[in-house]
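*Asks:* with the input below, show me the fold.
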Amino acid sequence: MDIQLERVRLSGDLLKTIFLETMRGKSLGRILRDYTFSEIELSGNVLDLGSGSDSPSYKPFMRYKEPFSITYSDYHRGGENLVKINLEEPFEIEPDSYDFVTCFNVLEHIYNYKNIIRESCRILKRGGKFIGSTPFLHIFHASPYDYFRYTHQALIRMFEEDNFTCERMVYLGLGPFSLAISHWVTILPTVTRAIFVFPAICLDVLLSKFTKTPVMNYTLSYFYVFRKN
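*Replies:* Residues are numbered from 1 along each chain as shown. As a prediction, the model looks like this:
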């Protein structure tokens, strides 16, 4: 478990993204996830587990090169580019079918989470990658159930037990002030949210300069990339 933990670095581009996506109603945790996701280039066959539709909120942040084909999935319905998959049971998919599996904010809702990891390993080609995220310091959000919160140590061990190697583990959070307001601010009208979000981020920046409190203590969620061995 020697993987070097990464953190999200503030930049002008990230601050601009936070402002725009906050105005669109997205939470800070999802914004940081999507921004990190945009650093990764997808190609080949991609399966998106638990997306719920063929137009998830992170779709505009996908970066890919041809050849590229993505299939979305949901438990309740299917469609032209949306397949029905019960994540608690073996997938009806041939082995070695995909180059990437993506799975964002889904594992915490699945009691039999090992099935997702094991089946993803089975359907990925050798060297294929599982890209995902899970919340950590987050409110209860049943959809329809909310079972788990995983630390980065648990995630690494869970995937390594099923023939994966961790390539990246990023803790998504900026500090205690933005963490404190990240959830309740979503009940406000979208045009007012930035008024609270940006002062909180400024306080986090100041705190990190004058104290030794690790930012990872205030992780909203984890973003990770695992490679099939």
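*Asks:* ok, and what's touching stretch 64-81?
*Replies:* Outside stretch 64-81, the residues within contact range by CB atoms under 8 Å, 6 or more residues apart in numbering are 41-54, 56, 62, 82-87. Every residue, glycine included, has its C-beta placed from N, CA and C.
*Asks:* so where's this structure uncertain?
*Replies:* Scanning the chain for pLDDT under 70 picks out the ranges 1-2.
*Asks:* what about the longest helix in the protein?
*Replies:* helix 190-210 (DSSP state H).
*Asks:* returning to what we had before: tell me which of the contacts of stretch 64-81 fall in strands.
*Replies:* Among those, the subset assigned to strands under DSSP state E consists of 41-48, 82-84.
*Asks:* export these to JSON lines and tack on distance to residue 172 and neighbour count?
*Replies:* Output for the ones in strands among the contacts of stretch 64-81, formatted as JSON lines (distance: CB to CB, whole Å; neighbours: other CB atoms under 10 Å):
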{"residue": "41", "distance to residue 172": "20", "neighbour count": "10"}
{"residue": "42", "distance to residue 172": "19", "neighbour count": "19"}
{"residue": "43", "distance to residue 172": "24", "neighbour count": "14"}
{"residue": "44", "distance to residue 172": "26", "neighbour count": "16"}
{"residue": "45", "distance to residue 172": "27", "neighbour count": "19"}
{"residue": "46", "distance to residue 172": "22", "neighbour count": "21"}
{"residue": "47", "distance to residue 172": "23", "neighbour count": "24"}
{"residue": "48", "distance to residue 172": "19", "neighbour count": "27"}
{"residue": "82", "distance to residue 172": "27", "neighbour count": "18"}
{"residue": "83", "distance to residue 172": "28", "neighbour count": "17"}
{"residue": "84", "distance to residue 172": "30", "neighbour count": "12"}
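*Asks:* out of the residues you listed, the closest to residue 134 would be?
*Replies:* When those are ranked by distance to residue 134 (CB to CB), residue 48 comes first, at 15.3 Å.
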